[in-house]
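My questions are about this predicted structure, shown below with the sequence.
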Amino acid sequence: MASTALESTTEGLSKLAIHADFASYAPNLQKNLHLLSPEQTELANVLLEMGQSHLFEHWAEPAVDDEEKKRFFEQMARLNSSYPGGLASYIKTARELLADSKAGKNPFDGFTPSVPKGEVLTFGDENFINFEEAGIREARKAAFVLVAGGLGERLSGIQWHKDKTFHGHGDVHGLLFSSGLLREWQDAGLRWVLFFQDTNGLLFKAIPPALGVSATRQYHVNSLAVPRKAKEAIGGIAKLTHADGRTMVINVEYNQLDPLLRATGHEDGDVNDETGYSPFPGNINQLILELGPYLEELTKTRGAIKEFVNPKYKDASKSSFKSSTRLECMMQDYPKTLPPSARVGFTVMDTWLAYAPVKNNPEDAAKVPKGNPCHSATSGEMAIYRANSLILRKAGVQVADPVLEVFNGQEVEVWPRITWKPKWGLAFSEIKRKVSGSCTISQRSTMVIKGRNVFLEDLSLDGALLINAIEDAEVKARGSVQNKGWVLEKIDYKDASEPEELRIRGFRINKIEQLEKNSTEPGKFC
């Protein structure tokens, strides 16, 4: 017993001191050891052992900034406990990846790319309709995950917090697992987990058919994709087969895909096929995962995603950096850990239906070369109008062609401003049933539908039409509707007198005249 007590005391005392080999590297830390708990002292030893003595170079004398020093180690402890293997593992992995980067090592060495299995959909045909209707049935069994994050900008000015940046949206997998949400969803009877990003407003038009593909094809992982031109600056979804037999279906960045193809026997690299597009579809970073296999895999990996570094070197020597380099991980790299038996596929839909992200501010968007998507608030809003116009065209409405306009220095197509509540037409088959006769909509028109049972019959619209109807009201919009309508008035994003939400879009709507139909009681109305 005495021996055991002595050993315990000795071990406890050892945690209150810096290992002799490292003490000389961090004299300022040595002076402040009395502030640290035994666990924090042990963590300090780990940091010194991993060559991180520079963290303590500017520590003040005891009794100066003591609370900040304590908070520093509290933060280090949180980071240490939240990363698989702790900070020592993080530092070790970072050094290995940086060494590979400096040596020019290709992460895909030994892999041969090929086109994976997937579904290419054509909007409005029978195949599309079947998948879309199947997806709507499955949607009630889906959990939606909005992937979000930041770069820690709000920490600016707090000197004692270690400057840390976002590890990447791949962390979402670990967070879902550690929070217990996946198990809760499974217990609640859910079957799917959908990952989406809020900058892509068109996404919810693409989710139902893609979810239908997942259910019908029994995909464990389904990546939403759009047609992609060869060498276009968007990642391509590819199947990679290693010489040792390993396979994975993942996103390969465009600047890696073409060299990889050339290195594996494809002399011309990434080229368009007979469709006019690359056979490797463009990844738009929206994923549908089957919950059961997903939870089973994360139980093994705890949500850890294979990491990478993207160093910005100052010069060709690759010995110094323009800015700090961090380990990153991406949500879409989840399939890298899956076994060959996993069913991983993709669903391709027209870009106009599935992809219009809002990523650029007005100034940057105006610099985008003509003919390329601006990916701004302006283009994102116009993409919604275009999609709704094209959907109605497919349903039989004669929708006028768009005109080109310039807002905030960006040339965009301006279609009729057509919007509807999802309950009016979540599926194309619903919309098609609610359109009959000869319907026309002029380019300058605006139409807003708020109600489930609204039918367009021989409607000729040249102006603005608003329809509001309760659940038990059936409204038929028919005949000629002509008025002065709603007009888009240009404003400049630099005009501080305007609200920000108007400045970034580049216009306001002047509601000059409209016909508004309000059905607030049950019944049939025309």
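That came in fine, so what should we check first?

residues in contact with the residue positioned nearest the centre of the chain?
The centre of the chain sits closest to Q197, judged by Cα atoms, centre = their mean, with a distance of 3.9 Å. With contact taken as Cβ atoms under 8 Å, 6 or more residues apart in numbering, Q197 is in contact with L146, V147, A148, L203, N285, Q286, P357. All C-beta spots, glycine's among them, are computed from the backbone N, C-alpha and C.

Specify which member of these is nearest to L240.
Closest approach to L240 among the contacts of Q197 (Cβ to Cβ): N285, at 18.3 Å.

Please name the residues that touch the residue nearest to L327 when sequence neighbours are not counted.
Distances taken as Cβ to Cβ, 6 or more residues apart in numbering place E307 nearest to L327, at 4.6 Å, with adjacent residues excluded. Residues in contact with E307, defined by Cβ under 8 Å, 6+ apart, are T93, L97, G168, G170, L327, E328, C329.

Mind pulling up the pLDDT for E307?
Looking at E307, its pLDDT reads 82.

ok, it to Y90 distance?
9 Å (Cβ to Cβ, to the nearest Å).

Report the set of residues contacting both of those two.
L327.

Secondary structure element holding S223?
Per DSSP states H and E, S223 falls inside strand 221-226.

strands paired with that strand, and their directions?
strand 282-290 (antiparallel), strand 344-348 (parallel) (DSSP bridges).

what residues go with each domain of this protein?
12-82, 110-153+167-354, 362-525 (automatic domain parsing).

and of these, who's closest to S101?
Using Cβ to Cβ, the domains of the chain put domain 110-153+167-354 closest to S101, at 5.6 Å.

tell me how far the ends of that closest one are from each other?
Criterion Cα to Cα, to the nearest Å; first-to-last residue distance in domain 110-153+167-354 is 34 Å.

what's the spacing between that domain and its chain's center?
How far domain 110-153+167-354 lies from its chain's middle: 10 Å, per Cα atoms, centre = their mean, to the nearest Å.

Could you do stretch 404-413 as well?
26 Å.

Show me what counts as buried in it.
E405, F407, N408, G409, Q410, V412 (16 or more other Cβ atoms under 10 Å).

What helix or strand is the first one located in?
According to DSSP H and E, E405 maps onto strand 403-407.

Next, the angle from whichever helix or strand comes after that strand to strand 403-407.
Proceeding C-terminally, strand 403-407 gives way to strand 410-414 as the next helix or strand, assigned by DSSP H and E. Interaxial angle, strand 410-414 versus strand 403-407 (axes from the mean of the first three to the mean of the last three Cα atoms, to 10 degrees): 140 degrees.

Could you double-check that P62 sits in contact with L33?
No. With contact defined as Cβ atoms under 8 Å, P62 does not reach L33; the gap is 9.5 Å.

quick one: N518 and N468 touch, right?
Yes. Look at N518 against N468 with Cβ under 8 Å: they come within range, at 4.8 Å.

remind me which residues of the stretch 151-300 of the chain are low pLDDT?
151-166 (pLDDT under 70).

Let me have the domains of the chain in CSV, extended by distance to A103.
Listed next are the domains of the chain as CSV, based on distance: least, Cβ to Cβ, whole Å:
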stretch, distance to A103
domain 12-82, 20
domain 110-153+167-354, 9
domain 362-525, 34
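
Right, I'll call it a day here.
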